[in-house]
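S.K.: sequence? don't have it. structure:
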């Protein structure tokens with residue numbers, strides 16, 4: 001057994017009730033999101049509120065701010081998904097052209113470098129570059145999810161893998177495990193939403 005796995009098991013045994021609750025709520029959120037149910041945003045908002053507190057306590061300021069943003073996005077997502085539903089009551093799925101993503105990548109790269117330098121200089125952030133990159137990438141992926149764009153799942157596959165490593169390095173083992181589970185569910189979500197695209201090139 002590797003030292004990383006051994007430490008992960010030790011941290012799992014020390015899981016707090018709040019961490020356990022946020023993980024459970026987060027799992028409900030992502031399962032409902034795969035099913036395109038607007039109620040996913042209610043559970044996601046509650047989970048994010050708990051994660052904001054945990055991240056702040058673990059010296060991950062960008063992740064704490066990100067989770068607070070998720071709470072606001074949960075309200076927006078619920079309203080948006082309520083307004084754009086098909087006859088079955090599920091949100092209508094679409095996608096965005098590649099040029100929008102290229103612009104987003106450039107913006108994310110620039111913001112990541114600026115934020116990482118500020119965090120390293122003015123805070124006690126544990127992993128400034130990784131924390132900043134995950135934060136800005138997550139903001140974009142969450143916006144895509146709220147707009148029901150299928151590309152959000154592709155971004156979450158990469159982001160969830162990085163966040164799993166980030167939280168594990170800060171002894172939040174159960175949260176780290178949650179993101180590794182999210183990684184697998186993101187793949188399922190992409191496949192599920194792909195089957196429900198109205199037409200190629202839909203916006």
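M.R.: Done, it's in. All figures in this text were calculated on a predicted structure; none of them were measured in a lab.
S.K.: use CA for all of it now, contacts and neighbours both
M.R.: OK.
S.K.: my guess is residue 112 meets residue 132, correct?
M.R.: Yes - Residue 112 lies in contact with residue 132 (CA atoms under 8 Å); the separation is 5.2 Å.
S.K.: Okay, residue 40 and residue 132: tell me how far apart.
M.R.: 26 Å (CA to CA, to the nearest Å).
S.K.: what's the answer for residue 26, then?
M.R.: Residue 26 is 21 Å from residue 132, by CA to CA.
S.K.: what residues does the top helix by length along the chain touch?
M.R.: Looking across the chain with DSSP state H, the single longest helix is helix 98-122. The contact list for helix 98-122, computed with CA atoms under 8 Å, 6 or more residues apart in numbering, reads 125, 128, 129, 131, 132, 133, 136, 137, 140.
S.K.: ok, then the element right after the worst-scoring helix or strand of the chain on mean pLDDT?
M.R.: Ranking every helix and strand in the chain by mean pLDDT, DSSP states H and E puts helix 3-13 at the bottom, with a mean of 68. On the C-terminal side of helix 3-13, the closest following helix or strand by DSSP states H and E is helix 17-34.
S.K.: quick one: average confidence on that next one?
M.R.: Model confidence over helix 17-34 averages 89 on the pLDDT scale.
S.K.: for the very next helix or strand once past that helix, what is the average pLDDT?
M.R.: Going down the chain from helix 17-34, the next helix or strand is helix 40-57, by DSSP H and E. Mean pLDDT, computed over helix 40-57, is 91.
S.K.: Measure how the following helix or strand past helix 40-57 sits relative to helix 40-57, angle-wise.
M.R.: Next helix or strand after helix 40-57 toward the C-terminus (DSSP H and E): helix 61-83. Interaxial angle, helix 61-83 versus helix 40-57 (axes from the mean of the first three to the mean of the last three CA atoms, to 10 degrees): 170 degrees.
S.K.: which helices and strands sit right next to helix 61-83?
M.R.: helix 40-57, helix 128-146 (3 or more CA pairs under 8 Å, 6 or more residues apart in numbering; DSSP states H and E).
S.K.: can you give me the offset of the longest helix of the chain from its chain's centre?
M.R.: Counting by CA atoms, centre = their mean, to the nearest Å, helix 98-122 is centred 17 Å from the centre of its parent chain.
S.K.: Please apply the same query to stretch 147-158.
M.R.: 10 Å.
S.K.: Equivalent analysis for stretch 171-182, please.
M.R.: Taking CA atoms, centre = their mean, one finds stretch 171-182 lying 12 Å from the centre of the chain it belongs to.
S.K.: what about it, average pLDDT?
M.R.: 81.
S.K.: Could you do stretch 104-112 as well?
M.R.: Rounded mean pLDDT across stretch 104-112 is 95.
S.K.: So which residue is smack in the middle of the protein?
M.R.: residue 138 (5.4 Å; CA atoms, centre = their mean).
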